[in-house]
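what follows is a predicted structure for the sequence shown.
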Amino acid sequence: MAKKLYIETQGCQMNEYDSSRMADLLGDSHGMELTSNPEEADVLLLNTCSIREKAQEKVFSELGRWRKLKEARPDIVIGVGGCVASQEGEGIQKRAPYVDLVFGPQTLHRLPKMLDAPKGNKITVVDVSFPEIEKFDYLPEPRVDGFKAYVSIMEGCSKYCTFCVVPYTRGEEVSRPFDDVIAEIAVLASKGVREVTLLGQNVNGYRGPHHDDTICSFAELLRHVAEIPGIDRIRYTTSHPLEFNDDLIAVYADTPKLVSHLHLPVQSGANAVLAGMKRNHTAADYLERIRKLKSVRPDIFISSDFIIGFPGETDRDFEETMDLIAEVGFDHSYSFIYSKRPGTPAAEMPDDTPDDVKKVRLQILKDRITQHTGRLTESLVGTRQRVLVEKKSERFDNHLVGVTEHNRLVHFPWPDDSLLGRFADLDIAGTININALRADAPVWTEN
C-alpha cells in the first residue's frame, strides 16, 4: 500500500511550484501519493514563507497541531522546508524537537536521501545550504494536473531591497540553463499544458546560459517559449522595474502569446520611500516604463505590490502613492502594512507612524484598487475575449469556465466537455456580482 504525503504550502507561487515538485520527487522515489487529509499522511511537509510578519509563529502554530499526530503515530515523518527553514535552520528542532527534516528551497531535491537517513538518537536532518541550481538536475519530469503549469526559470534575488528577506533565504540570483527550461516546457506541452507561467523572484532578470556559454536574456527566452508547439499563452511573475527594459517591451509588440496582463511591483509611489527601500528606481522611472508598454499594448492590465507604512512614510508620501495608482489605474494589488523582517536593514529604521494610521492608509488604497478592478472588468463587456477553457462551472449547470488573458473568469453555456483544454473566442455580454448572480446572460465575466 502506497504511503501518503501531505504538503501544506504557505506564501508565493514559487512555493506552490516547489511543493508540486516535492510531490513529483517523492512520488517518483518512494511511490508516495498525495492526500488532502493530514491525519492519514505518513509524511507531513510544511513549505514555509517568511515574507510577512509573524511567519515563524504561523509555522510553529501548525507544527503544534502536527505534534498531536506524531504523538499518536510516532512513525510519522514531519518536515519543514522553504524560507522559514532557511532562516531558522537548527533552531526549528530546538523549538520543535519532534520535527524530523529541515530543508531550504534549494535542497528540496535531497528529500529522498533525507527521508532514508537513520533516525536514531532523534537527530534531525538539516540541510539549508545554497547549492545554486543543482536541484533541477535531480527532479523528475513534472506531472501535469490541468492545462496550466508553473515553470521556475531562476532562483534567488540579488537586489537586496531593505525590507526583503529573499536574498537571505533563497540566495543570490541563479538562472537555469536555457535548454533545460525549454525542455521542461516542451514536456509539459506534450502532456496537454496550454499555458505556462514562468517563475522567479526577479524573473525578468533571467540570464540563462546557452549550451555554447552565451547568455539568453529574458526577452529572448519568451520568444523561444512562444515557438514551442502547444504553448499558446505565456505569463510570468514576479518582475522588477529595473529590468523591465525596452527589449522586454518589444516582446509585447511582436509576441501575441504573451498575455496582456503584467504584475510589476512598485511598492510605493513616493521617491523618498523608494530610496529607503533601496528599490533603485523612482516613481517617474516606473511610469515611463508603463507608458512605453501601453504604447505597444494599449489593452494591457497592470497589477502591483504595495507596502504601506514603511519606516518614515509621511502623509505626503502616501498621497504620492495614491497619485501613482490613479495614473496607472492598477487592476489588482497585493498590499500589506510593512512588517519588520529580522536581519534586514529596514528592521533597524525608526518607525513612528501609529498602527491605526497605517491601517487607514491600507484600507484607502485597497478601496481605490477595488474600484479600478471593477471598472476594468466592466470595460470587457461588449468585447470579444479569448479564454482558455478550464473546467465545468460550479455555479451553473451546463456551463463551462474559461480564463481571459486578464485573469477574469468567464462562464458560458456549453452542453458537454468538448472544449476543455481548448481556447474559445467569446463575446462578453455582461458582468456578474457573485452575491447576486444572473443566470440569464449567455456569457459573462467574474471579478
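Received, thanks.

and the strands in the stretch 301-447 of the chain?
301-308, 333-337, 384-392, 399-403, 409-413, 423-427, 430-432, 444-446 (DSSP state E, counting those that start in this stretch).

I'd like the average pLDDT over the third one.
It stands for strand 384-392. Here strand 384-392 scores 96 as its mean pLDDT.

kindly export it (C-alpha atoms) in PDB.
Coordinates of the C-alpha atoms in strand 384-392 are reproduced here as PDB (Å, rounded to 0.1, in the frame of the first residue of the first chain):
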ATOM      1  CA  ARG A 384     -14.500  39.500 -27.800                       C
ATOM      2  CA  GLN A 385     -12.100  37.700 -25.400                       C
ATOM      3  CA  ARG A 386     -10.100  34.600 -26.000                       C
ATOM      4  CA  VAL A 387     -10.400  32.200 -23.000                       C
ATOM      5  CA  LEU A 388      -8.600  29.000 -22.000                       C
ATOM      6  CA  VAL A 389     -11.500  26.700 -21.100                       C
ATOM      7  CA  GLU A 390     -10.500  25.100 -17.800                       C
ATOM      8  CA  LYS A 391     -13.400  23.400 -16.100                       C
ATOM      9  CA  LYS A 392     -17.100  22.900 -15.600                       C
END
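
what are the contacting residues of that strand?
146-148, 194-195, 232-233, 399-406, 408, 410, 417, 419-428, 445 (CB atoms under 8 Å, 6 or more residues apart in numbering). In this view, the C-beta of every residue, glycine as well, is placed from N, C-alpha and C.

may I see the buried residues of that strand?
Buried residues in strand 384-392, counted by 16 or more other CB atoms under 10 Å: 385-390, 392.

got it, and stretch 33-41?
Quick answer for stretch 33-41 (16+ other CB under 10 Å): 34-35, 38, 41.

farthest pair in these?
Comparing every pair within the buried residues of stretch 33-41 by CB to CB identifies 34 and 38 as the most remote, at 11.5 Å.

any low-confidence regions in the protein?
Along the chain, the parts satisfying pLDDT under 70 run over 51-55, 118-138, 433-447.

do that again at 50, thanks
121-123, 435-442 (pLDDT under 50).

quick check: chain neighbours aside, which residue is closest to residue 308?
residue 362 (4.6 Å; CB to CB, 6 or more residues apart in numbering).

and the closest residue to residue 312 other than its chain neighbours, how close does it get to residue 267?
What sits nearest to residue 312 in space, not counting adjacent residues and going by CB to CB, 6+ apart, is residue 276, at 5.9 Å. To residue 267, residue 276 is 10 Å away according to CB to CB, to the nearest Å.

list residues touching both of these two?
Here residue 276 and residue 267 have residue 310 as joint contacts, going by CB under 8 Å, 6+ apart.

may I see the buried residues of stretch 320-337?
So for stretch 320-337, counting by 16+ other CB under 10 Å, buried means 320-321, 324-325, 328-333, 335-337.

make that stretch 224-236, sorry
Under 16+ other CB under 10 Å, the buried positions of stretch 224-236 are 225-226, 228, 231-236.

ok, stretch 184-195 next?
Within stretch 184-195, the residues that qualify as buried are 184-186, 188-189, 193-195, counting by 16+ other CB under 10 Å.

who does residue 385 form a beta bridge with?
Note on residue 385: beta-bridge partners residue 426, judged by DSSP bridges.

quick check: it vs residue 369, distance?
22 Å.

who does the helix or strand encompassing residue 45 touch, helix- and strand-wise?
Using DSSP states H and E, residue 45 falls within strand 43-48. Where contact means 3 or more CB pairs under 8 Å, 6 or more residues apart in numbering; DSSP states H and E, strand 43-48 is packed against strand 4-9, helix 13-30, helix 55-72, strand 77-82, helix 83-88.

alpha carbons of that strand, in PDB - could you do that?
Output in PDB follows, covering the C-alpha atoms of strand 43-48 (Å, rounded to 0.1, in the frame of the first residue of the first chain):
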ATOM      1  CA  VAL A  43       4.900  12.200   5.700                       C
ATOM      2  CA  LEU A  44       3.900  15.800   6.600                       C
ATOM      3  CA  LEU A  45       5.700  18.600   4.900                       C
ATOM      4  CA  LEU A  46       5.300  22.300   5.700                       C
ATOM      5  CA  ASN A  47       6.600  24.600   2.900                       C
ATOM      6  CA  THR A  48       7.100  27.900   4.600                       C
END
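
now do the strands in the stretch 151-300 of the chain.
Taking DSSP E, counting those that start in this stretch as the criterion, the stretch 151-300 of the chain carries its strands at 154-155, 174-175, 195-199, 207-209, 215-217, 233-237, 261-263.

and the second one, which strands flank it?
This means strand 174-175. The pairing partners recorded for strand 174-175 under DSSP bridges are strand 154-155 (antiparallel).

hmm, who's touching the strand it pairs with?
Strand 154-155 is contacted by residues 105-106, 132-133, 170-171, 173-176, 200-203, 205-206, 208 when judged by CB under 8 Å, 6+ apart.

with stretch 361-381 instead?
301, 306, 308-309, 318, 321-322, 325-326, 329-333, 335-337, 404, 406, 408, 428-431, 445, 447.

so what's the closest residue in space to residue 19 that isn't next to it in sequence bridging to?
Nearest non-adjacent residue to residue 19, counting by CB to CB, 6+ apart: residue 9, 4.4 Å away. Beta bridges link residue 9 to residue 47, judged by DSSP bridges.

alright, that wraps it up for me.
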